[in-house]
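1. Here is my input, please return the structure:
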Amino acid sequence: MRLIKPGEILIAKPFLQDDYFKRSVVYMAEHNSNGSLGFVLNKPNGLLLKDIFPHLKNGYFPLFEGGPVSPNQLFYTHTIGLKISESIEISDGVFWGGNFFELTTLIENGTLSLTDIRFYIGYTGWSANQLETEIEKDRWFIQTENYQTLTPELPEELWGKTLGNINPSYKVFSDYAFDPSLN
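-> Below is the predicted model of the structure:
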């Protein structure tokens, strides 16, 4: 079995019927013997950072549903790891977390762009060996992608795009209705 590495993505297979993970693309931040942690990249929730921090100047960053675990907590992945302390490197200049007070200073100064950082409510987590079991049951594709290509202007199209990268004929699944009975 192929090992999963931080920085890779999981792409829900077209017939995965899990209510939460159907048509999801998950960016893996951690994977080790204790379990796995990642963030769903393609499910914006319609809110902005300023909606939960109204005092934050320049908080016009969209929020994403990162996963069903800790749905009352804010998480973030970014490419500014050297600018905020306590960031954890995922791979090749991509980080998650870090000192939030230092981050808010950068936001208020207007020095961050939408491609520098992405915010999530909650995260996706698996206990030890749980993700490997799901992969063995053929629920996920594993793919290596450049982080910058995973933050498109239209995140809702990311699942179809990544399926097409695996095999161009798979892209057709993204054109089907979310509920197959509507086809």
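2. ends of stretch 38-50, how far apart?
-> 24 Å (Cα to Cα, to the nearest Å).
3. Please list the outside residues in contact with that stretch.
-> Here stretch 38-50 makes contact (Cβ atoms under 8 Å, 6 or more residues apart in numbering) with 9-10, 21, 23-30, 56, 59-67, 75, 77, 96, 107, 118-121, 123-125, 150-151, 155-156, 158-159. No exception for glycine: its C-beta is placed from N, CA and C like everyone else's.
4. List the buried residues for it?
-> Residues of stretch 38-50 classed as buried by neighbour count (16 or more other Cβ atoms under 10 Å): 38-43, 48-50.
5. among those residues, which are in helices?
-> Using DSSP state H, the subset of the buried residues of stretch 38-50 located in helices is 49-50.
6. For the chain, just list every one of the helices.
-> 49-52, 100-108, 130-136, 158-166.
7. Any of the contacts of stretch 38-50 buried? List them.
-> Neighbour counting with 16+ other Cβ under 10 Å marks 9-10, 21, 23-30, 56, 59, 61, 63-67, 75, 77, 96, 107, 118-121, 123-125, 150-151, 155, 158-159 as buried within the contacts of stretch 38-50.
8. follow-up on the earlier one: strands - which of the contacts of stretch 38-50 land there?
-> Among the contacts of stretch 38-50, the members falling in strands (DSSP state E) are 9-10, 25-30, 62-65, 75, 77, 96, 118-121, 123-125.
9. how long is stretch 105-117 end to end?
-> Its start and end residues considered, stretch 105-117 measures 14 Å (Cα to Cα).
10. Please apply the same query to stretch 112-122.
-> Using Cα to Cα, first and last residues of stretch 112-122 are 22 Å apart.
11. got a list of what Glu30 touches?
-> Glu30 neighbours (Cβ under 8 Å, 6+ apart): 6, 36-38, 90.
12. how many neighbours does Leu106 have?
-> Residues lying near Leu106 (other Cβ atoms under 10 Å) number 17.
13. Apart from its chain neighbours, what residue comes closest to it?
-> Leaving aside its chain neighbours, Leu106 sits nearest to Leu112 (5.3 Å; criterion: Cβ to Cβ, 6 or more residues apart in numbering).
14. So that neighbour is in contact with Thr79, correct?
-> No - assessed by Cβ atoms under 8 Å, Leu112 is found out of contact with Thr79, at 9.8 Å.
15. So, low pLDDT: which residues of the chain?
-> Scanning the chain for pLDDT under 70 picks out the ranges 1-2, 152, 167-183.
16. how much space between Pro54 and Lys43?
-> To Lys43, Pro54 is 23 Å away according to Cβ to Cβ, to the nearest Å.
17. What backbone torsions are found at Asp19?
-> phi -60, psi -40 (degrees, to the nearest 10).
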